[in-house]
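Q: quick one, what's the 3D model for this:
(2 chains)
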Protein chains: 2
Amino acid sequence: MRRTCDTKIMKSSTRVTKGKIVVELSTQRTPDAFPLKDWIPGRRRVPTQERSQRTRRQILSAAEALAKNEGVGNITMQMIAAKSKIAAGTAYQFFDDRDAIFAEIYEEWAVTFWATLNKATATPWTDATWRSELRGLITQMGKFYLASSPRWDIIRYVESTKQGRGAMRTLLDANISRFSDWAGPLFRARGYSAAECKAICGLLVRTIRGHWVYGVYTAQELRELSKTAEDGTTAIVEVKLTRASRPRAVSGKSV
Amino acid sequence: MRRTCDTKIMKSSTRVTKGKIVVELSTQRTPDAFPLKDWIPGRRRVPTQERSQRTRRQILSAAEALAKNEGVGNITMQMIAAKSKIAAGTAYQFFDDRDAIFAEIYEEWAVTFWATLNKATATPWTDATWRSELRGLITQMGKFYLASSPRWDIIRYVESTKQGRGAMRTLLDANISRFSDWAGPLFRARGYSAAECKAICGLLVRTIRGHWVYGVYTAQELRELSKTAEDGTTAIVEVKLTRASRPRAVSGKSV
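A: The predicted structure follows:
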C-alpha cells in the first residue's frame, strides 16, 4: 500500500485572461507503478529477435481470434498453433499452455487499464474541480471498457483462474489506492480519517466499476452508463462533502 | 419487461400494541418468474429414476470439486467421469460436454440468487421503510455472495462463455426490473418519470453489485462491503428523494 503523497509539479501552462497573463502551476501526480508482478507462472522472456517477436504476436492474435469464434474454454494449444501456421512444438517455445497465452492478453489489457486510470487521476481533487475530474475519469474509463469489449470473454476467463482471480483483486486494490491519493485529500480536509477516506474511495471505485463490469458493448450503452455512474458518484461525493463525519477544528489552514 | 404492478395482499399479521389489537395488512409482491430459459444448448431432461438422479448429482459434485483443485478451464469430461467413478460414455448420457455441466451449476446458483433477491424485494418502499428495506437487501445478498464464494471461479468461467455472457445480462436486466418494481413507486411519487426511475434503480443495482462482483471471501470483508454499499446507496437515494427531478403537481393524492 502506497500511502505517501507522491505529487510533483509536472506541468505549468500560461494563458491570457482579460488582458492578464496567468501562469498556472498544476500539481500533477506521476503514474503509479503497474501493480501486477510475477503473476503468470513460468512466464517466458519476450524474445529479442524480430522474427520471434512476430511469431509470438501471431500466437496472441490467433488465440484472440479463436476465443471469439470457438469460446475461450474450448481452445487448445494445437488449435492456436494451427491458426498461427506454426508447429505445436514452436508454440510451446513461447508459452507454457493456453492459459499462459490468455494471461498475457489479460496483462496487455491491464497495462492499458492502468495507464488510462493513471492519466485520469493525475490532478488531485479540489472543491472547484472534483466534479469535472470525476466526469473525466468516468468518460475515459468508459471509453476504455468499450474498446475492451472484443476481449471481454478472455478477461472473464482469466479471472476464473487462480492467478487471474488474484490479479483482478490486486488491480482493484491498486485502483482504490490510486483513487484515494487522488480524491482523498479533499475528504481529509473535511475531517474524515484515513480509513474513512479509503472506504469512501472504495465505494466510488466499486460504484463506477459496477457500471462497466458486465461489459460495455455499444456507444449508446456507454452514454447511458456514463451518465448514471456520474450521477451516482456525484451524489455520494456531495453527501460526503456536506456531512463531514467529524468537522476538523479550523486552524486557519485549509485546503 | 414486466411493467405491471403485480402486487397482491399475501400476508396479514396481528399483534398487540399498548393493549390494542393491530391488524397489519402488508402488500407483499409475489416472486417474479426465473428469467433464464433455454439458455443451455442441447440440455437434457433431468432423469426421473432415483439412481440416475444420484449419478447426475455425482457428476455435478465431481465437476465442482475438480474446478476447485485443477482450475475450471483445465477440466475434461474424462476427468469428471473418473472422479465420479463412472464411464465417460455414461457422463455423456447426462451432459453434452464440460461446459453444459458448468452451465448447470451456474443455473443452480442463479436460482438461489433469484430466490434471495425476490425474497428481499417483496415489500415495496415507502418513505418510512426504504432504509431498512435497502439494508435488508444488502445484508441478504451479501450473505448469498459470501456463501457462493466456493463456486466463484465456475461462475466467472460460465460468464466467459457465449451463453453465460447472455445469461449474466439477462439476470442483470431482470434484477433491475425487479428492483424498479420494488423501489420505483417511491421515486414515481416524487415526480420522476418511468425512465428516470429505471435509471436510478439501475444505478443502485450496479452500485450494490460492484461490491460483490469481485467475490466476497470472508465475514470481515462482508461486513465492510455491506457497510459501504449501504452507505453509498443510502446517500444516492437521499439525494434523489430530496431533489426530485420534476416535482409532481399535488392533486390531493400521494403515496
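Q: hey, let's count contacts and neighbours off CA atoms from now on
A: Noted.
Q: buried stuff in the helix ranked longest in chain A?
A: Secondary structure of chain A read by DSSP state H shows that its longest helix is helix A:162-189. Neighbour counts over helix A:162-189 (16 or more other Cα atoms under 10 Å in any protein chain shown) mark A:163-165, A:167-168, A:171-189 as buried.
Q: out of these, which touch chain B?
A: The residues of those that also fall near chain B, by Cα under 8 Å from any Cα of the partner chain, are A:Met168.
Q: where exactly do the strands run in chain A?
A: A:7-17, A:20-29 (DSSP state E).
Q: mean pLDDT lowest where, among these?
A: Ranked by mean pLDDT, the strands of chain A bottom out at strand A:7-17, which scores a mean of 49.
Q: what parts of the stretch 1-150 of chain A come near chain B?
A: Residues of the stretch 1-150 of chain A lying near chain B (Cα under 8 Å from any Cα): A:71-73.
Q: save those residues as a markdown table, and put in pLDDT too.
A: A markdown table is the format used below for the residues of the stretch 1-150 of chain A next to chain B (pLDDT from 0 to 100):
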| residue | pLDDT |
| --- | --- |
| A:Gly71 | 91 |
| A:Val72 | 93 |
| A:Gly73 | 89 |
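Q: highest neighbour count among these?
A: Each of these was scored for neighbours by other Cα atoms under 10 Å in any protein chain shown, and A:Val72 scores highest at 27 neighbours.
Q: is it true that that residue touches B:Thr161?
A: Yes - counting by Cα atoms under 8 Å, B:Thr161 is a contact partner of A:Val72 at 6.9 Å.
Q: between those two, which contacts overlap?
A: A:Asp153 (Cα atoms under 8 Å, 6 or more residues apart in numbering or on different chains).
Q: that older thread, elements contacting the longest helix of chain A?
A: For helix A:162-189, the packing partners by 3 or more Cα pairs under 8 Å, 6 or more residues apart in numbering or on different chains; DSSP states H and E come out as helix A:98-120, helix A:152-159, helix A:194-212.
Q: tell me the most buried of these?
A: Mean neighbour counts were compared across the helices and strands packed on helix A:162-189 using mean count of other Cα atoms under 10 Å in any protein chain shown; the top stretch is helix A:152-159, at a mean of 26.
Q: run the angle between that one and helix A:162-189 for me.
A: 100 degrees (axes from the mean of the first three to the mean of the last three Cα atoms, to 10 degrees).
Q: who are the packing partners of helix A:152-159?
A: helix A:50-70, helix A:98-120, helix A:162-189, helix B:152-159.
Q: residues touching A:Phe203, list them.
A: That one is not Phe; residue A:203 is Leu. Contacts of A:Leu203 by Cα under 8 Å, 6+ apart are B:211, B:228-229, B:232.
Q: lowest-pLDDT helix or strand in chain A?
A: strand A:7-17 (a mean of 49; mean pLDDT, DSSP states H and E).
Q: from chain B, how far off is A:Leu134?
A: 16 Å (Cα to the nearest Cα, to the nearest Å).
Q: oh, that last question was meant for A:Arg56, not what I typed.
A: For A:Arg56 relative to chain B (Cα to the nearest Cα), the value is 22 Å.
Q: residue contacts, that residue?
A: A:Phe94.
Q: A:Asp97 versus that one, what's the distance?
A: According to Cα to Cα, to the nearest Å, A:Arg56 stands 13 Å off from A:Asp97.
Q: cool, and A:Glu221?
A: Distance from A:Glu221 to A:Asp97, by Cα to Cα: 36 Å.
Q: go on, A:Glu107?
A: 16 Å.
Q: A:Trp149 touches A:Tyr217, doesn't it?
A: Careful, residue A:149 is Ser; it's not Trp. Yes - proximity of A:Ser149 to A:Tyr217 meets the contact threshold set by Cα under 8 Å, at 6.0 Å.
Q: how many residues are close by A:Gly89?
A: With other Cα under 10 Å as criterion, A:Gly89 counts 11.
Q: ditto for A:Tyr192
A: By other Cα under 10 Å, the residues close to A:Tyr192 number 22.
Q: for A:Trp130, what are its contacts?
A: A:Ala183.
Q: A:Lys198 is in contact with A:Gly184, isn't it?
A: Yes - at 7.4 Å, A:Lys198 counts as touching A:Gly184 under the criterion of Cα under 8 Å.
Q: which stretches of the stretch 151-255 of chain A have low pLDDT?
A: A:245-255 (pLDDT under 70).
Q: if we use 80, what do you get?
A: Applying pLDDT under 80 to the stretch 151-255 of chain A flags residues A:244-255.
Q: hmm, A:Gly71 is touching B:Gln163, no?
A: No - the criterion here is Cα under 8 Å, and A:Gly71 misses it with B:Gln163 at 9.8 Å.
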